[in-house]
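In: With the sequence up front, the predicted model follows.
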Amino acid sequence: VKIVCSGTCRTFSHQRLEMLLQRFNLHVISQGEMDVREMGRGEMASIDFFKVGKVDNHIHLAAAFNANKFSEFVKQKLVSEAETIVAVDNGTPKTLTQIFSEAGLDENH
């Protein structure tokens, strides 16, 4: 919500959208006739929304962390990078050690 309400972000986003719209309009002006000719020919005339190739977003998790590997990773990070700042809470930076101690945990639990 802070990002959406940010004046700087809104200005940048508006300018970016305007630029993209102008680039699209330039494309339509320069390529529009060619697109119409291609659509009139046989190969593009029969293509519609339902015949466009699909993007496969099916993700296989076989190579992902299992619970034991994730636990080992966290333990290793707690030993090797215990004082690394990993979060900011109300403007206060917190290290990995602080996060674990606030949760009542250590590298063994």
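Out: Perfect, thanks for sending it. On a predicted model such as this, the values are computed, not experimentally measured, just so you know. Residues are numbered from 1 along each chain as shown.
In: quick one: R37 and V28, what's the gap?
Out: 14 Å (Cβ to Cβ, to the nearest Å). From N, CA and C alone the C-beta is placed, and that goes for glycine too.
In: Okay, strands next: where are they in the protein?
Out: Using DSSP state E, the strands of the chain run over residues 85-89, 92-95.
In: could those strands be laid out in TSV, adding mean pLDDT?
Out: Shown next, in TSV, are the strands of the chain (pLDDT from 0 to 100):
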stretch	mean pLDDT
strand 85-89	91
strand 92-95	93
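In: could I get the ones you listed as TSV with mean neighbour count and distance to H60?
Out: Below are the strands of the chain laid out as TSV (neighbours: other Cβ atoms under 10 Å; distance: least, Cβ to Cβ, whole Å):
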stretch	mean neighbour count	distance to H60
strand 85-89	11	29
strand 92-95	12	35
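In: Save these as CSV, and put in distance to A62 too.
Out: Listed next are the strands of the chain as CSV, based on distance: least, Cβ to Cβ, whole Å:
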stretch, distance to A62
strand 85-89, 28
strand 92-95, 34
